[in-house]
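J.: This is a predicted model, with the sequence first.
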Amino acid sequence: MRINKDTYELVFIDYLEGHLTDREIADLIEFLDQNPELEAELKTLSDFSKQTANSDLAENNSTFLKDSLKRLPIIEQDSNFEELCIAFYEGQLNGTEEHALLELIDTEPELQITFEQYAFTKIKADKQIQFPNKHTLKKSARVLWPNYLSYAASVFIVLGAIYYFNQQPLPNSPQNQTEEVIADGQFLDYPKVGTEPNAPKNTIQLSANETNSETKSKLRNPKSKASKDYNSSTNHSSWEQILAQPNTEKSNINQSYKGKLIYISPAQLQNMLQEKGMAFQDEDESSDETKPVINDYSLKPATSPLNLATSVDPSVFQKQILGSQPPK
Amino acid sequence: MTAKEYNISVDVYADSVYRFVLKNIKDPEKAKDIIQDTFEKLWVKAETVNYEKVKSYIFTTAYHTMIDYIRKDKKQTPLEDHMSYRHSTERQYSDLDEVLNKAIDLLPKIQKSLIILRDYEGYSYKEISDITELNESQVKVYIFRARKFLKDYIGTIETIL
C-alpha cells in the first residue's frame, strides 16, 4: 500500500502491528521525514497500543480512559479525544466521565463533528437477511439416541449368534454321524436272510424273515401311516421296517426319508447290544469269513459300528434287542 | 442438550450467525456451508453442550469454521486490492450505510469480525475474547482501531461528497 496523507494512519497501524515489510518501513521513514508533524501522531498511537496492551484492562476496562479524562482540560492530541469518543459509544465511560466529555464537546464545536462521526461507526444487522431452508438444519429427536440403539443392536446380535450356534450339532456328534450314514444309503441296505454257517459266535445270527409287502408298500408311500410312524423319529418298529426293505426299493426309501432318520446312535446301539449279552464287533476287526452271507444284497464297507445294524435281521433285532415282537 | 433444545437453537440463532458469517465473507453459498458445518458440529456435540451456552458455542464454531474456509480459499481478494476503493473519487454512495458497509469490508478481517460481533450481537469484550481466542485487551484495541478507521473513512467520503 502506497503511503500518503490519506493512508498513513493505516500504515501506522500496520507498522505497530508488525505487518510492514522492510521496504514499507523504509517508505514510512521517508514519509515521516517529509511530514515531521505526523511523528507525534505515530508516537501517540504507539503509546496507546502499549498502554492498552500492557494495562490491566481486563479488570478495569476504563482505567486508561480515566487517565485520559484527567487530561481532558489539556487535550492537545485528537487521538486522546477520539479514544474517549469511542469509549463513550462503546459504553466504557461512567456517568461522570460521560458528563466531562460532553462538556468538553460543548466548549469545542470542532470536536462535535468528530464526536458525531463516531456515532455512525456502529453498524446494524439487516434483519431481513435470514438463513434459507432452516429446516434442513433441524434433527429429529430419535436421532439423539444412536448410542443406545447401537448398544441394543449389538447385544441382540450377540445373543442371536449364541442361540444360533447352540442349535447347531457338533460336526462329529453321534447324531451327525447317523445322519451321514443314512444319507449315504448304507444304513438302508437290506441283509439277506440266513447266515454264514461258520459265522463266529460274536456275530449276530440272522434268521429267516419274510419281507412284509404291505409294509413295503406303505413305506413307498411317504404319506402312509407307516411313513408317519417312521418320521416320528422315535418308533423302533418303523426303524425296523426300513431295515426290512429290499435293496431294489432302497432308492425310493432313500429319497423319501433321506436325512430324516435319526433313531439310534452307534453308541446307543452298542449299549443295547451289550445289555442283551450280545457282543459287538467292529467290521474293521472281522475277517471276510465272519461276515454274514449276503446273496444279492451286498453290504457296503463298514465305516462305523452303526453298520452292524445292517447285519441284523429286523425281526431278531426287534425280538432280542428291543424285547418286543415285530409289527404285523 | 436435547434434540428439542437443538432445534430451538436453530430457530433462534441460525439467522444471526448466518448474518455474521455472510457479513464477513460476502459469499452466500459459502456462508450457508459454514452454517451447515457449524450446526452439524453442534449436533455431534449436542449431548455435551450446555443449552445455556449454546449461542456462544454456535458463534465460536462458526467463527473458526469461517477462518478455516478463508484460509483454504486461495482466491480471496487481498486487502490491498480492496484498499484501492477507499480513495476512489469517482465512486458515488447513496447513503451513509452504504459508505459504512464499504468501510467495514475494508477493515482487516480480524477487526471486521470483532466489530460485527460487537455491533450485531452486542457481545462484551470478554465474550468476544472467548469466541475469537484473543485476550480482552487485544479485542478492545482492535475494536478501537476499527472504529477510528470507520470514522476516518466516513469523514473522508463526506469531505469528497
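T.: Everything's here; your move.

J.: Quick one: residues contacting B:Lys32.
T.: Going by Cβ atoms under 8 Å, 6 or more residues apart in numbering or on different chains, B:Lys32 touches A:Phe131, A:Pro132, B:Tyr18. C-beta: built from backbone N, CA, C; applies to glycine.

J.: To which secondary structure element is it assigned?
T.: B:Lys32 is part of helix B:28-44, with elements assigned from DSSP states H and E.

J.: Tell me, please, where in chain B the pLDDT is lower than the cut-off.
T.: Applying pLDDT under 70 to chain B flags residues B:74-94, B:157-161.

J.: can you pull out the helices in it?
T.: Secondary structure of chain B by DSSP state H: the helices cover B:3-25, B:28-44, B:54-72, B:79-86, B:96-106, B:109-121, B:125-132, B:136-160.

J.: could I get those helices as TSV with distance to A:Asp14?
T.: Shown next, in TSV, are those (distance: least, Cβ to Cβ, whole Å):
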stretch	distance to A:Asp14
helix B:3-25	20
helix B:28-44	27
helix B:54-72	19
helix B:79-86	10
helix B:96-106	13
helix B:109-121	12
helix B:125-132	20
helix B:136-160	11
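
J.: Give me the pLDDT value at the residue of the stretch 151-300 of chain A found nearest chain B.
T.: Closest to chain B within the stretch 151-300 of chain A is A:Tyr151: 14.6 Å, counting by Cβ to the nearest Cβ. Looking at A:Tyr151, its pLDDT is 84.

J.: count of residues packed around it?
T.: Neighbours of A:Tyr151 under the rule other Cβ atoms under 10 Å in any protein chain shown: 11.

J.: ditto for B:Lys126
T.: The number of residues packed near B:Lys126 is 13, by other Cβ under 10 Å.

J.: got it, and the one 10 residues further on?
T.: With neighbours defined by other Cβ under 10 Å, the count for B:Glu136 comes to 19.

J.: and the gap between it and A:Glu24?
T.: Going from B:Glu136 to A:Glu24 by Cβ to Cβ, to the nearest Å gives 30 Å.

J.: cool, and A:Gly277?
T.: Distance of A:Gly277 to A:Glu24, given as Cβ to Cβ: 117 Å.

J.: what about the two, which has more around it?
T.: Just comparing A:Gly277 and A:Glu24: by other Cβ under 10 Å the higher neighbour count belongs to A:Glu24, 16 against 7.

J.: Surely the more buried one is in contact with A:Tyr8?
T.: No - checked against Cβ atoms under 8 Å, the pair A:Glu24 and A:Tyr8 is beyond contact range at 11.8 Å.

J.: For the stretch 51-200 of chain A, just list every one of the helices.
T.: Chain-ordered helices for the stretch 51-200 of chain A, with DSSP state H, counting those that start in this stretch as the definition, fall at A:63-70, A:78-90, A:95-107, A:109-119, A:146-167, A:174-183.

J.: can I get those helices in CSV with distance to B:Lys30?
T.: Listed next are those as CSV, based on distance: least, Cβ to Cβ, whole Å:
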stretch, distance to B:Lys30
helix A:63-70, 39
helix A:78-90, 30
helix A:95-107, 41
helix A:109-119, 32
helix A:146-167, 30
helix A:174-183, 67
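
J.: just these: most buried one?
T.: Of all those, helix A:78-90 carries the top mean neighbour count, a mean of 21, counting by mean count of other Cβ atoms under 10 Å in any protein chain shown.

J.: which one is the most centrally placed residue in chain B nearest to, not counting chain neighbours?
T.: Centroid-nearest residue in chain B: B:Ser113, 3.6 Å away (criterion: Cα atoms, centre = their mean). Spatially, and ignoring its direct neighbours in sequence, B:Ser113 is nearest to B:Asn24 (5.8 Å; Cβ to Cβ, 6 or more residues apart in numbering or on different chains).

J.: The one you found and B:Ile110 touch, don't they?
T.: No - B:Asn24 lies out of contact with B:Ile110 (Cβ under 8 Å); the separation is 10.4 Å.

J.: okay, these two: which has more neighbours?
T.: Comparing B:Asn24 with B:Ile110 by neighbour count (other Cβ under 10 Å), the higher total belongs to B:Asn24, at 24 against 16.

J.: State the distance from B:Tyr57 to B:Ser16.
T.: 14 Å.

J.: Check A:Lys134 too.
T.: A:Lys134 is 12 Å from B:Ser16, where distance means Cβ to Cβ.

J.: Kindly report the same for B:Glu121.
T.: With the distance defined as Cβ to Cβ, B:Glu121 ends up 7 Å from B:Ser16.

J.: One more: B:Lys53?
T.: According to Cβ to Cβ, B:Lys53 stands 16 Å off from B:Ser16.

J.: With neighbour numbers in mind, choose between those two.
T.: Counted by other Cβ under 10 Å, B:Lys53 and B:Ser16 do not tie: B:Ser16 has more neighbours, with 20 against 12.

J.: what's that one in contact with, if anything?
T.: B:Ser16 sits next to A:Ala125, B:Tyr120, B:Glu121 when contact means Cβ under 8 Å, 6+ apart.

J.: Pick out whichever of the residues you listed sits closest to A:Arg2.
T.: B:Tyr120 (32.8 Å; Cβ to Cβ).

J.: so that closest one touches B:Val21, yeah?
T.: No - the pair B:Tyr120 / B:Val21 is not scored as a contact, 10.8 Å apart, by Cβ under 8 Å.

J.: nearest to A:Thr44, of the helices of the stretch 51-200 of chain A?
T.: Nearest to A:Thr44 among the helices of the stretch 51-200 of chain A is helix A:78-90; the distance by Cβ to Cβ comes to 4.8 Å.

J.: average pLDDT across that closest one?
T.: pLDDT averaged over helix A:78-90 gives 80.

J.: That one to helix B:125-132, inter-axis angle?
T.: Between helix A:78-90 and helix B:125-132, the angle comes out at 90 degrees (axes from the mean of the first three to the mean of the last three Cα atoms, to 10 degrees).

J.: and helix A:78-90, anywhere near chain B?
T.: Yes - Helix A:78-90 comes into contact with chain B (Cβ under 8 Å from any Cβ of the partner chain), by way of A:Glu82, A:Glu83, A:Ile86, A:Tyr89, A:Glu90.

J.: For that helix, name the packing helices and strands.
T.: Other elements packing on helix A:78-90 under the criterion 3 or more Cβ pairs under 8 Å, 6 or more residues apart in numbering or on different chains; DSSP states H and E are helix A:39-54, helix A:63-70, helix A:95-107, helix A:109-119, helix B:136-160.

J.: Thank you kindly, that will do.
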